[in-house]
Structures are given as C-alpha cells and as structure tokens.
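In: heads up, no residue letters with this:
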C-alpha cells in the first residue's frame, strides 16, 4: 500500500506531466506562448517544492515549502480559469485539470494546517518549559 508521502508525490508528478502536455498543446496547437509558460512554471513547481519540503531541515522549512506548493496550486488554478474563459481550453479540459488542481489544493491546505499546529504546539511546549 502506498504511504501518504508517495501518494502526494505521485499526484504532483502526474499533475506536472499533465501540465507539461498542456503546455505542448497550447504552444503547438493554439500558438499561445505567454500563459502557457506561466502555467508550466506554476504547475510544475508544485511538485518541485514538495520534493524540497520532503528534505527540509526543520518542520518550519517543511511547512514553508508546502505552503509555496499551495500558493503555486492557486496560481495554476487561476491560469486554468484564464485559459478556459479565453477559449483556449474547452469545458471538459478545464474541469479535468481543475479537479486535479483542487485535489492538490485540499491536500496542501491540510498539510500546512496540520504542520502549523504541530509547530505551534512544539513552540508552546518550549515556552512552558522556559526554553
């Protein structure tokens, strides 16, 4: 059975592959160069920041990188809306990609919330001990 670390990593890799294919489609078929580059950067950096987070030097470092992944997911979702509203993505393409992005957003929201609570509890414990 796949553990959570592998699960989210694989979700990010799969999403990055989809975004890379979207970039290729947009540049070759639609001749769109500006937004395609933006969504390529934000969409692939989600997983890259997760990979960095998994080797963070502290919980705060892990939290920070995961929060960046969350923000990159939000940016990617913005570009998906722009592509859809401008007619460069049809409704099915948009809905499919947005569904995957929404899932990543929920996962990263949960991770950042839980990690922040752990950090806060640790800091509160250190304050109570007088450290």
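Out: All right, it came through fine. All values reported here derive from a predicted model rather than from experimental measurement. Numbers count the residues shown, from 1 in each chain.
In: Can you identify each of the helices in this protein by residue range?
Out: When assigned using DSSP state H, the helices of the chain occupy the ranges 4-28, 34-53, 59-85, 91-129.
In: got the ones you listed as TSV, with mean pLDDT and mean neighbour count columns?
Out: Every C-beta, even on glycine, is put in place using the N, C-alpha and C of the backbone. Listed next are the helices of the chain as TSV, based on pLDDT from 0 to 100; neighbours: other CB atoms under 10 Å:
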stretch	mean pLDDT	mean neighbour count
helix 4-28	97	16
helix 34-53	98	19
helix 59-85	97	19
helix 91-129	91	14
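In: so residue 15 touches residue 105, yeah?
Out: No: contact criterion CB atoms under 8 Å: residue 15 and residue 105 do not qualify, at 10.9 Å.
In: tell me the contacts of the residue nearest to residue 14 when sequence neighbours are not counted?
Out: Spatial nearest neighbour of residue 14, excluding adjacent residues (CB to CB, 6 or more residues apart in numbering): residue 100 at 7.7 Å. Residue 100 makes contacts with 11, 14-15, 18, as judged by CB atoms under 8 Å, 6 or more residues apart in numbering.
In: any idea how far residue 4 lies from residue 77?
Out: Residue 4 sits 23 Å away from residue 77, taking CB to CB, to the nearest Å as the criterion.
In: Residue 122 too?
Out: Applying CB to CB to residue 122 and residue 77 gives a distance of 32 Å.
In: With residue 19 instead?
Out: As judged by CB to CB, residue 19 and residue 77 stand 12 Å apart.
In: again with residue 109
Out: When distances are taken as CB to CB, residue 109 and residue 77 turn out to be 13 Å apart.
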